[in-house]
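Student: give me the fold of what follows.
(2 chains)
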Amino acid sequence: EPEVTQTPSHQVTQMGQEVILRCVPISNHLYFYWYRQILGQKVEFLVSFYNNEISEKSEIFDDQFSVERPDGSNFTLKIRSTKLEDSAMYFCASRGMSSPLHFGNGTRLTVT
Amino acid sequence: SQQGEEDPQALSIQEGENATMNCSYKTSINNLQWYRQNSGRGLVHLILIRSNEREKHSGRLRVTLDTSKKSSSLLITASRAADTASYFCATDTQGGSEKLVFGKGTKLTVNP
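Tutor: Numbers count the residues shown, from 1 in each chain, chains lettered A, B, ... in the order given. Modelled structure (predicted):
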């Protein structure tokens, strides 16, 4: 069964550094998302992306965050200047026209 | 409380028993979904129930939805040790929003 893949599985970075989290959504999906889960807390919506543009974003998704679909297969989340509170699991998800979300296994980001 | 709150927070049962998890939400929805998360892994979609449906089955899963009470339940029958995971409900909101709002989840442990 096709799946959403995310790399790396674990990223450690220093505060203030830029990180790029990578995702390969399911190939025929059209809608792409990033969610995050701080340890022990809820899964929170960050951003949705359709037709090469952001369709919706949450208050968490401030100017430090950006998303890009640089080619036909990858979907990236960039955090420009990481803060300690950005430490979390980041999940990429995708879906087709009428299908539920398919999530990747996540990237655990640790900011030190 | 916020949209998508599950209870109990944790549930421990013996293999073969049934497990029931509940979810309450605040706003009007188009549909409600249940996801499962094994430790350190991504979210796996289990079942979606639309706002005009009252009950849905999938294998050993049974989901009910009561829109008048803004609540849903997930029943897992004849549980197995492999069902050990966290279970989350997620709701969309009417009005065309893309995002899913997740609860904090119920951590289910099935003892062999």
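Student: regarding A:I20, what is its secondary structure?
Tutor: With DSSP: H, G, I helix; E, B strand; the rest coil as the basis, A:I20 sits in strand.
Student: okay, stretch A:1-10 in PDB with CA atoms only?
Tutor: Coordinates of the C-alpha atoms in stretch A:1-10 are reproduced here as PDB (Å, rounded to 0.1, in the frame of the first residue of the first chain):
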ATOM      1  CA  GLU A   1       0.000   0.000   0.000                       C
ATOM      2  CA  PRO A   2       1.400   3.500  -0.900                       C
ATOM      3  CA  GLU A   3       2.500   5.500   2.100                       C
ATOM      4  CA  VAL A   4       3.700   9.000   3.100                       C
ATOM      5  CA  THR A   5       7.400   8.900   3.800                       C
ATOM      6  CA  GLN A   6       9.300  11.500   6.000                       C
ATOM      7  CA  THR A   7      12.900  12.200   6.400                       C
ATOM      8  CA  PRO A   8      14.800  12.400   8.600                       C
ATOM      9  CA  SER A   9      13.200  10.300  11.400                       C
ATOM     10  CA  HIS A  10      15.000  12.400  14.000                       C
END
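Student: number of nearby residues for B:Q14?
Tutor: 10 (other Cβ atoms under 10 Å in any protein chain shown). From N, CA and C alone the C-beta is placed, and that goes for glycine too.
Student: please name the nearest non-neighbouring residue to it.
Tutor: Taking Cβ to Cβ, 6 or more residues apart in numbering or on different chains as the measure, B:Q14 lies nearest to B:N111, with 5.3 Å between them; neighbours along the chain are not counted.
Student: isn't the one you found up against B:E17?
Tutor: No - using Cβ atoms under 8 Å, B:N111 is not in contact with B:E17, being 9.4 Å away.
Student: show me the contacts for the residue sitting nearest the centre point of chain A.
Tutor: Geometric centre of chain A, nearest residue: A:W34, 3.5 Å, by Cα atoms, centre = their mean. Residues counted as contacts of A:W34 (Cβ atoms under 8 Å, 6 or more residues apart in numbering or on different chains) are A:21, A:23, A:46-47, A:67, A:77, A:90-93.
Student: same question for A:S27.
Tutor: Each residue near A:S27 by Cβ under 8 Å, 6+ apart is listed here: A:2, A:73.
Student: work out for me the element it sits within.
Tutor: Assigned by DSSP states H and E, A:S27 belongs to neither a helix nor a strand.
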